[in-house]
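1. Using only what follows, build the 3D model:
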Amino acid sequence: MLTEYAEKYMSSPEMAKRPVKMLAEVQLLIKDYVPIREATVELYKIARCESSHEVKNQFVEAVEEMVGDTAAVDQEIDDLGRAARLGQVKSVERFLKQGAPMDQTWDHNRTAIFFAAEAGHADCVQMLAEYRATIDTCTNDIGASPLNIAAEKGHFDVVGTLCQLKADLNAARTDHESTPVFVAAQNGITDVVGLLCRHGADKDLTMDDGRTPVFISAQKGWKETVVVLAKANADLEKTTKTGATPLTVAAQEGHEEVVDLLITHGAQINRCTKDGATPVYIAAQYGHKGVIEKLVQRGADLNYQTRKGGRSALYASAEFKRPDVLDSLLQAHANVNVQTTDTGRTPLYAACRNGFTEIVRKLIAAGADVNLPAMDGSTPAGVAKSKRFAEVSEILRARDAIEILPPRSRTSGTERPSVVPLGGYDGSHSTT
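-> Numbers count the residues shown, from 1 in each chain. Below you'll find the predicted structure:
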């Protein structure tokens with residue numbers, strides 16, 4: 001019956017919003033003589049399905065209070081690992097006094113102290129440590145230590161206990177080299193990040209791709225975590241393998257407040273990636289008007305051109321069809337006729353080449369030179385005609401634009417590059 005209830009709960013969004021009512025119903029099931037072992041297993045199965053850390057912790061606490069440290073439970077728990085996982089302190093102590101191997105391992109080299117840390121049972125962690133259990137044994141699948149898993153789960157008391165027990169604060173996982181500070185920062189668990197920093201954890205150790213805790217916090221938009229790390233003197237200029245900083249990725253993801261906070265704490269506003277893309281260029285490419293305006297207020301160089309191709313932020317807004325961003329850049333007096341260094345194309349040329357009528361109108365209204373040719377001699381009107389964009393061609397003819405078509409070999413190439421997600425590159429600038 002309890003198994004059926006668990007399945008009903010897991011598949012019902014309505015029930016997921018009512019953990020208190022759910023607990024009351026499950027408690028009735030327990031009183032109806034459901035075996036304690038079955039009840040405990042199923043209750044924890046339900047608890048693990050909760051996406052909210054707060055609700056999950058409240059639920060687990062309530063479950064433990066319901067099943068308690070009773071004689072019945074004590075009789076049902078048959079090994080140290082299970083007792084530690086369920087937070088049954090008296091059972092843990094009983095097994096230890098009976099000589100149970102304190103460092104015995106279960107699946108993937110998990111120890112009793114790991115189970116206790118993962119489930120958030122600081123008292124069990126302390127008990128095991130008093131019996132000299134090894135506190136830094138890592139799993140053999142992802143290489144997580146008890147401290148690492150407790151930091152990921154946001155178990156503040158467990159993290160504090162392990163810090164006091166002198167656990168390795170910088171033990172990195174073997175899968176991606178993520179440290180306790182990193183996994184806590186990744187999940188926005190600010191209090192745990194602060195606690196680890198106060199105990200001396202290295203806040204600048206990187207993942208295998210070069211990301212630091214402050215980088216991942218900026219990427220996720222965890223502004224409180226960013227502040228804690230910045231105040232702990234985290235390196236705001238440490239870059240990933242592509243040369244991206246926390247400010248770069250905050251601009252890419254559109255996190256305006258994080259962008260502002262990073263600049264306030266000293267982040268370099270015009271720091272480039274390896275391709276020479278600045279935060280303002282990245283924000284323009286991804287269409288983040290609010291970030292653009294924040295960077296403009298802070299004095300970003302709007303006309304800086306990327307090393308690869310010499311594209312400006314205004315060019316990116318035209319090429320990727322970001323009219324709102326283009327408006328902000330034009331209002332901030334970005335150079336409307338800046339040409340790329342590889343092809344000599346202007347923002348207007350890029351808009352004409354792609355048939356972006358609205359962008360074309362805005363650039364012409366801002367004073368774009370309709371006859372400024374590219375390096376191959378072709379003009380904006382010529383490329384629009386070659387691409388058969390009739391409306392754009394009509395707009396340009398009304399301004400007596402000269403139609404010089406691009407050479408045939410230049411018109412058969414690929415269209416504009418598309419924005420790509422983190423981790424890739426196909427002509428656009430991605431930061432990791």
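
2. low pLDDT regions in this protein?
-> The model of the chain has pLDDT under 70 over residues 1-77, 409-432.

3. how does it divide up, domain by domain?
-> Using automatic domain parsing, the domain ranges for the chain come out as 1-67, 239-335.

4. Give me the distance from the helix or strand where S217 lies to the chain's centre.
-> Using DSSP states H and E, S217 sits within helix 213-220. Centroid displacement of helix 213-220 relative to its chain, using Cα atoms, centre = their mean, to the nearest Å, is 6 Å.

5. can you check stretch 343-362 too?
-> Worked out by Cα atoms, centre = their mean, stretch 343-362 lies 34 Å from the chain centre.

6. again, but for stretch 104-124
-> The answer for stretch 104-124 is 27 Å, by Cα atoms, centre = their mean.

7. Just the CA atoms of it, as PDB, please.
-> Below are the C-alpha coordinates for stretch 104-124, written out as PDB (Å, rounded to 0.1, in the frame of the first residue of the first chain):
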ATOM      1  CA  GLN A 104      33.300  -0.700   5.600                       C
ATOM      2  CA  THR A 105      32.300   0.200   2.100                       C
ATOM      3  CA  TRP A 106      29.100  -0.400   0.100                       C
ATOM      4  CA  ASP A 107      28.300   0.300  -3.600                       C
ATOM      5  CA  HIS A 108      30.900   2.500  -5.300                       C
ATOM      6  CA  ASN A 109      33.100   2.600  -2.200                       C
ATOM      7  CA  ARG A 110      30.600   4.500  -0.100                       C
ATOM      8  CA  THR A 111      31.200   4.400   3.600                       C
ATOM      9  CA  ALA A 112      28.900   4.900   6.500                       C
ATOM     10  CA  ILE A 113      30.200   8.500   7.100                       C
ATOM     11  CA  PHE A 114      29.500   9.200   3.400                       C
ATOM     12  CA  PHE A 115      25.900   8.000   3.800                       C
ATOM     13  CA  ALA A 116      25.400  10.200   6.800                       C
ATOM     14  CA  ALA A 117      27.000  13.200   5.100                       C
ATOM     15  CA  GLU A 118      24.900  12.700   2.000                       C
ATOM     16  CA  ALA A 119      21.600  12.500   4.000                       C
ATOM     17  CA  GLY A 120      22.500  15.500   6.200                       C
ATOM     18  CA  HIS A 121      23.000  13.700   9.500                       C
ATOM     19  CA  ALA A 122      25.700  15.700  11.300                       C
ATOM     20  CA  ASP A 123      25.200  13.800  14.600                       C
ATOM     21  CA  CYS A 124      26.000  10.500  12.900                       C
END
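
8. List the contacts of the spatially closest residue to C124 that is not a sequence neighbour.
-> Counting by Cβ to Cβ, 6 or more residues apart in numbering, A116 is the residue found nearest to C124 once chain neighbours are left out, at 3.8 Å. C-beta coordinates here come from the backbone N, C-alpha and C atoms, glycine included. Contact partners of A116, counting by Cβ atoms under 8 Å, 6 or more residues apart in numbering, are 84-85, 87, 92, 124-125, 128, 146, 158.

9. make it 10 Å
-> A116 makes contact with 80-81, 83-87, 89, 92, 122-129, 133, 146, 150, 155, 158, 161, according to Cβ atoms under 10 Å, 6 or more residues apart in numbering.

10. Reduced to three states, what does it come out as?
-> Look at A116: counting by DSSP: H, G, I helix; E, B strand; the rest coil, its state is helix.

11. Could you report the separation of it from K153?
-> 12 Å (Cβ to Cβ, to the nearest Å).

12. What values do phi and psi take at the closest residue to I142 other than its chain neighbours?
-> Residue nearest to I142 in three dimensions, not counting chain neighbours: D175, with 4.7 Å by Cβ to Cβ, 6+ apart. Dihedral angles of D175 (phi, psi; degrees, to the nearest 10) stand at phi -80, psi -50.
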